[in-house]
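Student: Predicted structure and sequence below. I'll ask about it afterward.
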Amino acid sequence: MNPLRRHRLATAAVLAAVLAAGCQRQAPSIHRHEFLAFGTLVELSLAGVDPELAQEAVATVRQDLEFMHFAWHAWKPGPLGRTNKLLATGAWFSGNPSVLPLIRRARELSAASGGLFNPALGNLVRLWGFQADAPPGAPPKPEAVAALLRDLPAMDDIEIRGVRMRGRHPALRLDLGAMAKGWAVDRISENLKRLGVENAIVNAGGDLRAFGRAGDRPWRIGIRHPRKAGAIASVTIEGDEAVFTSGDYERYFEYRGRRYHHILDPRTGYPATGTQSVTVIHHDGALADAAATALFVAGPEGWRETAAKMGVRQVMLIDAGGGIHLTPEMARRLTFEMEVPPPRVEPLP
């Protein structure tokens, strides 16, 4: 197993262990199943289901994940890969139904973020080498980054009319990884509900959506510390919610004593600075996923304005120095699981 994947799986295992420990205390009759998708460990936890329904749910989730992983992969043959080739031609074409709704939503979220969430930067991702399973050995040459930055594509370079679409920028290449897990857990959760599942967690490497309860108690979720083993805080799920974290520990490499992570700032072409992690809670997993990325890029100085524009009010940002910034709504919900510096509670504008 390569180092990058081993790190991703370790991250998933930490939060899965926190979650499992809580579940064991609260409800021993929980069915758990694990899958490998999107380059990470996906854990399904079902409470209050009979064995037959659990078996059907597991089979459905497995099929969903296999299809999503194939359809939304930006770097392998499949619907999104073909879409990228057609976008590069500049000609009109019929959007693939397995990716068109995802692209529509990505355009909306990118606009709401002011372009800080920009899935059109696939070529920049590839320049840095973060599209590969193995970690890059070194950062790209500054002149190569500068060349891309001079005319960087954006999501509004995709024109959509009904089911037809076209690209309007030759360097446009979609990489939807910054919201694909959010979209996936939303779709899977909806499918589980249609099957009759009332209590579940779909946990994709620590990013998750949970609904219902764990027996006679609510689900309790651990939020990973960006620099230490274990959970920095926990939160009790209220009804149906998604919890998503973007961190500089998820995919990174070190070169000459400096950490280079995969969350790229479209304003600079380099990994965003000033932040270790951002956690967002929202009922919409795709929004929470995209917002966690956008707020990470916005950093300690700009996250509040970006959160307000994107309509997320439950946020925790941990800055580069380990300082904790919370919205009032998040502060009311978190329980810190280890000693931390006094958090700064900062209302949104």
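Tutor: Perfect, thanks for sending it.

Student: pLDDT of the one helix or strand Leu148 maps to, averaged?
Tutor: In the assignment (DSSP states H and E), Leu148 maps to helix 142-149. Helix 142-149 carries an average pLDDT of 97.

Student: Might you calculate how far that helix sits from the centre of the chain?
Tutor: From the chain centre to the centre of helix 142-149 is a distance of 26 Å (C-alpha atoms, centre = their mean, to the nearest Å).

Student: So what touches the following helix or strand past it?
Tutor: Where DSSP H and E defines the elements, the next helix or strand beyond helix 142-149 is strand 158-161. Strand 158-161 is touched from outside by 87, 95, 100, 103-104, 107, 120, 165-168, 172, with contacts defined as C-beta atoms under 8 Å, 6 or more residues apart in numbering. The way it works is simple: take the backbone N, C-alpha and C, and place the C-beta from them, glycine included.

Student: try stretch 302-314
Tutor: So stretch 302-314 is contacted by 109, 112-114, 116, 275, 278, 280-282, 287-288, 290-291, 294-295, 298, 315, 317, 325, 327, 329-330, 333, 346-349 (C-beta under 8 Å, 6+ apart).

Student: Kindly recompute the last result at 7 Å.
Tutor: For stretch 302-314, contacts defined as C-beta atoms under 7 Å, 6 or more residues apart in numbering pick out 112-114, 116, 280-282, 287-288, 291, 294-295, 298, 315, 317, 327, 329-330, 333, 346, 348-349.

Student: And for stretch 235-251?
Tutor: Stretch 235-251 has contacts (C-beta under 7 Å, 6+ apart) with 4, 8, 11, 130, 182, 185, 206-211, 218-221, 223-224, 226, 259, 261-263, 276-285, 288-289, 292-293, 296, 333-334.

Student: hmm, back to that, next step: the contacts of strand 158-161 restricted to strands.
Tutor: In this view, the contacts of strand 158-161 that belong to strands under DSSP state E are 165-167.

Student: so where's the longest helix in the protein?
Tutor: The single longest helix within the chain, with elements called by DSSP state H, is helix 285-310.

Student: Just the buried positions in that one, please.
Tutor: 285-300, 303-304, 306-307, 309-310 (16 or more other C-beta atoms under 10 Å).

Student: which residues in the stretch 1-150 of the chain form helices?
Tutor: For the stretch 1-150 of the chain, the helices defined by DSSP state H, counting those that start in this stretch occupy 3-26, 51-71, 79-89, 100-112, 122-128, 142-149.

Student: just checking, what packs against the second one?
Tutor: The reference is to helix 51-71. Judged by 3 or more C-beta pairs under 7 Å, 6 or more residues apart in numbering; DSSP states H and E, helix 51-71 is in contact with strand 30-37, strand 40-47, helix 177-195.

Student: what about the ones you listed, which gets the closest to Trp75?
Tutor: helix 177-195 (9.8 Å; C-beta to C-beta).

Student: which parts of the helix or strand immediately after that closest one in the chain are buried?
Tutor: With elements assigned by DSSP H and E, the helix or strand that comes after helix 177-195 is strand 200-204. For strand 200-204, the buried set under the neighbour-count rule, 16+ other C-beta under 10 Å, comprises 200-204.

Student: for stretch 97-105, same thing?
Tutor: Counting neighbours by 16+ other C-beta under 10 Å, stretch 97-105 gives 98-100, 102-103, 105 as buried.

Student: Over to stretch 67-78?
Tutor: For stretch 67-78, the neighbour count (16+ other C-beta under 10 Å) marks 68-75, 78 as buried.

Student: Switch the residues you listed over to JSON lines; also include pLDDT and distance to Asn191.
Tutor: JSON lines is the format used below for the buried residues of stretch 67-78 (pLDDT from 0 to 100; distance: C-beta to C-beta, whole Å):
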{"residue": "Met68", "pLDDT": "96", "distance to Asn191": "11"}
{"residue": "His69", "pLDDT": "94", "distance to Asn191": "16"}
{"residue": "Phe70", "pLDDT": "95", "distance to Asn191": "17"}
{"residue": "Ala71", "pLDDT": "96", "distance to Asn191": "15"}
{"residue": "Trp72", "pLDDT": "95", "distance to Asn191": "16"}
{"residue": "His73", "pLDDT": "94", "distance to Asn191": "20"}
{"residue": "Ala74", "pLDDT": "93", "distance to Asn191": "24"}
{"residue": "Trp75", "pLDDT": "91", "distance to Asn191": "26"}
{"residue": "Gly78", "pLDDT": "96", "distance to Asn191": "20"}
